[in-house]
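Participant: Model the following, please.
(one chain, ligands or ions: 1)
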Amino acid sequence: ADLETDMDTLSDNYSKILKTDDKAEFLQGLGKMREAAEDAKKSKPPKFASKPDNSPEIQDFHKGLDTLIGQIDKASGYAKSGNMDEAKKEAEGFKATRNANHKKFK
Ligand code: HEM
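Facilitator: Presented below is the predicted three-dimensional model:
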């Protein structure tokens, strides 16, 4: 998918997971977020469209997505072991990653 579509998928599922306390629904939403974040690595931010893949800008873009993926995996781990409170707390932390990366790349 293109970057905008991946971001819309991140956004839709992020709203869902913040609203639910249902473990299965939470994990399903995180799974879709993870796929979208991985897929986003195939694109470049429009403002850095002409930068090569090995440029500092694109490497830093990938690093931002990997940070989010790491947080998604942590939240999944908590949810799988039944600790929904910790899982939701971890998910709240996605916001800081989103905001920091949007400042640089959006
Ligand atoms: C929970 C995490 C995130 C959410 C919910 C989110 C959501 C969004 C949304 C709703 C948009 C606007 C899409 C549109 O124009 O239709 C957007 C754009 C964008 N986001 Fe994110 N984002 C997240 C994380 C990130 C991360 C980690 C990065 C980079 C490492 C990133 C980079 C961008 C860029 C470059 C755009 C502009 C895309 C374009 O203009 O084509 N986002 N994001």
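
Participant: Report the closest residue of the protein relative to the ligand.
Facilitator: Closest residue of the chain to the ligand, Cβ to the nearest ligand atom: Gly64 (2.8 Å). Just so you know, the C-beta spots here come from the backbone N, C-alpha and C atoms, and that holds for glycine as well.

Participant: Mind pulling up the pLDDT for that residue?
Facilitator: You'll see Gly64 listed with a pLDDT of 98.

Participant: For it, which non-adjacent residue is closest in space?
Facilitator: Asn101 (3.9 Å; Cβ to Cβ, 6 or more residues apart in numbering).

Participant: By residue count, tell me the biggest helix in the chain.
Facilitator: For the chain, the helix with the greatest residue count under DSSP state H is helix 56-80.

Participant: looking just at contacts, which helices and strands does that helix meet?
Facilitator: helix 23-40, helix 84-92, helix 94-105 (3 or more Cβ pairs under 8 Å, 6 or more residues apart in numbering; DSSP states H and E).

Participant: Pick the most buried one from those helices.
Facilitator: Most buried of the helices and strands packed on helix 56-80 by mean neighbour count (mean count of other Cβ atoms under 10 Å) is helix 23-40; its value is a mean of 18.

Participant: For that helix, list the C-alpha coordinates in CSV.
Facilitator: Output in CSV follows, covering the C-alpha atoms of helix 23-40 (Å, rounded to 0.1, in the frame of the first residue of the first chain):
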residue,chain,number,x,y,z
LYS,A,23,-7.7,-9.0,24.4
ALA,A,24,-8.5,-10.6,21.0
GLU,A,25,-9.7,-7.3,19.5
PHE,A,26,-6.6,-5.5,20.9
LEU,A,27,-4.2,-8.1,19.5
GLN,A,28,-6.0,-8.1,16.1
GLY,A,29,-5.6,-4.3,15.9
LEU,A,30,-2.0,-4.4,16.9
GLY,A,31,-1.4,-7.1,14.2
LYS,A,32,-2.8,-4.7,11.5
MET,A,33,-0.7,-1.8,12.9
ARG,A,34,2.4,-4.0,12.7
GLU,A,35,1.7,-5.0,9.1
ALA,A,36,1.1,-1.3,8.1
ALA,A,37,4.3,-0.1,9.8
GLU,A,38,6.4,-2.8,8.1
ASP,A,39,4.8,-2.0,4.7
ALA,A,40,5.5,1.8,5.3
